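Engineer: Any chance you can model this:
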Amino acid sequence: MSTVRHSHPLSRAALGAGAATMLLLVSACSSSEGDGASSSSDGAEPSSSSSAMAAGEETTDLPQTLVFSPLSLEIPAMQGLADGVTGYGEGQGWEVIVQDPTFDPSTQVQQVTEVLESGRAGAMWIIAIAPESMTEALATAQEKGVPILINGVPEDYGFDGAQAGITFDTIDYAAAGSALGEQTGMCINDMLGGEGTVLYGESAAGTAGKEEIDAAFLEALTATAPNATVVQNWEAVERAASQTDVGTILQGNPDIDVVASSNDEGILGAIGAFKAAGTELPCAVDFGGNDEVLGLVDDGTMYATVALQFEQDMVQSFDTLAQMQLDPTAEGPLLTVPIAVTSSAG
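Structural biologist: I've put the predicted structure just below:
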């Protein structure tokens, strides 16, 4: 089984954020200022976090100021996330400060450290560019009693298990891969009588969660549709490159009737390749769930998508930080981004 590969600089964090952009903009009530300062909101609806916010005002000396440090605001999806956090936070009565490290780990560490030392931060949400660079900054936050929410797992930062004042938020890649494999197998059973010739779009080497997704996908596919055969993989990164790669693969494997992709760009490129070749694609499934993909599931072009629920994750992340303000010495919970399957089969 061969694999077509392309190099690409974006990480899973950026690709995952791309799938979330429109979800997050739903909860954004205004756009961030160009200088990275917080922006105003006119009407974010209160949620269950309101009581936590009110309690926080009565029991903590920390300011109700959230500092949000993403990878870079140069990524439209990161700007969308910043807007969503700002709109939601200000709707709860918090000030939100958005930083922009522009992909530079040293800049991110400097910005985070400076705002911690200034005393302005009441809580921090960090999407770390290089997790190993943030360990000292996390220790500073613990010393100052400022709760932190950060991407990844404790081991990424040199910790062993849950930590005081720090919540780790991650994607359950194994669960995502299992759902992707199961939905692919269900399509093969429903549409192809249990026998399918599968092309799999894998993430680029070095992408976070790649090994877990790939292994879980294959295991679940085999369990659900044991007579299906994966004949080839391709590296699914950019849409245009995926369309070219899949078109080439189809010339040598014209019997392919199933495509599963670990991201939206891969499946959209594959669908384009099948259309260009005039070939039917009965089973198209992916992990991602952006608006275009959801529309294709809705009209039956795709069988299913396994979608990360980033809007729900934003709410749970913010609400968790609000609760952590009440006792920054307590161990932070370990969060996972919710996942939901949307299927044309109902």
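Engineer: could you pull out the strands for the stretch 1-150 of the chain?
Structural biologist: 3-4, 65-69, 95-98, 123-126, 148-151 (DSSP state E, counting those that start in this stretch).
Engineer: elements contacting the third one?
Structural biologist: To tie it back to what came earlier, the one meant is strand 95-98. The contact analysis (3 or more Cβ pairs under 8 Å, 6 or more residues apart in numbering; DSSP states H and E) places strand 95-98 against strand 65-69, helix 76-91. Yep, even glycine has a C-beta here, placed from its N, CA and C like the rest.
Engineer: Paired strands for it, with orientation please.
Structural biologist: strand 65-69 (parallel) (DSSP bridges).
Engineer: Averaged pLDDT, the partner strand. What do you get?
Structural biologist: Average pLDDT, strand 65-69: 98.
Engineer: circling back to that earlier point, any chance of the strands of the stretch 1-150 of the chain in JSON lines, plus mean neighbour count?
Structural biologist: Output for the strands of the stretch 1-150 of the chain, formatted as JSON lines (neighbours: other Cβ atoms under 10 Å):
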{"stretch": "strand 3-4", "mean neighbour count": "15"}
{"stretch": "strand 65-69", "mean neighbour count": "25"}
{"stretch": "strand 95-98", "mean neighbour count": "22"}
{"stretch": "strand 123-126", "mean neighbour count": "26"}
{"stretch": "strand 148-151", "mean neighbour count": "25"}
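Engineer: got the ones you listed as CSV, with distance to Leu199 columns?
Structural biologist: Shown next, in CSV, are these (distance: least, Cβ to Cβ, whole Å):
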stretch, distance to Leu199
strand 3-4, 10
strand 65-69, 38
strand 95-98, 40
strand 123-126, 37
strand 148-151, 31
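Engineer: out of those strands, which comes closest to Val246?
Structural biologist: strand 3-4 (8.7 Å; Cβ to Cβ).
Engineer: pLDDT (mean, whole number) over the closest one?
Structural biologist: pLDDT averaged over strand 3-4 gives 51.
Engineer: To Gly165, which of the helices and strands packed on strand 95-98 lies closest?
Structural biologist: Here strand 65-69 is closest among these (Cβ to Cβ), at 14.4 Å.
Engineer: List the contacts of the closest one.
Structural biologist: For strand 65-69, contacts defined as Cβ atoms under 8 Å, 6 or more residues apart in numbering pick out 82, 85-86, 89, 94-99, 101, 108, 111-112, 115, 120-127, 318, 321.
Engineer: quick revisit: rebuild the helices and strands packed on strand 95-98 as CSV, extending it with distance to Ala215.
Structural biologist: Shown next, in CSV, are these (distance: least, Cβ to Cβ, whole Å):
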stretch, distance to Ala215
strand 65-69, 32
helix 76-91, 27
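Engineer: With that, I have no additional questions.
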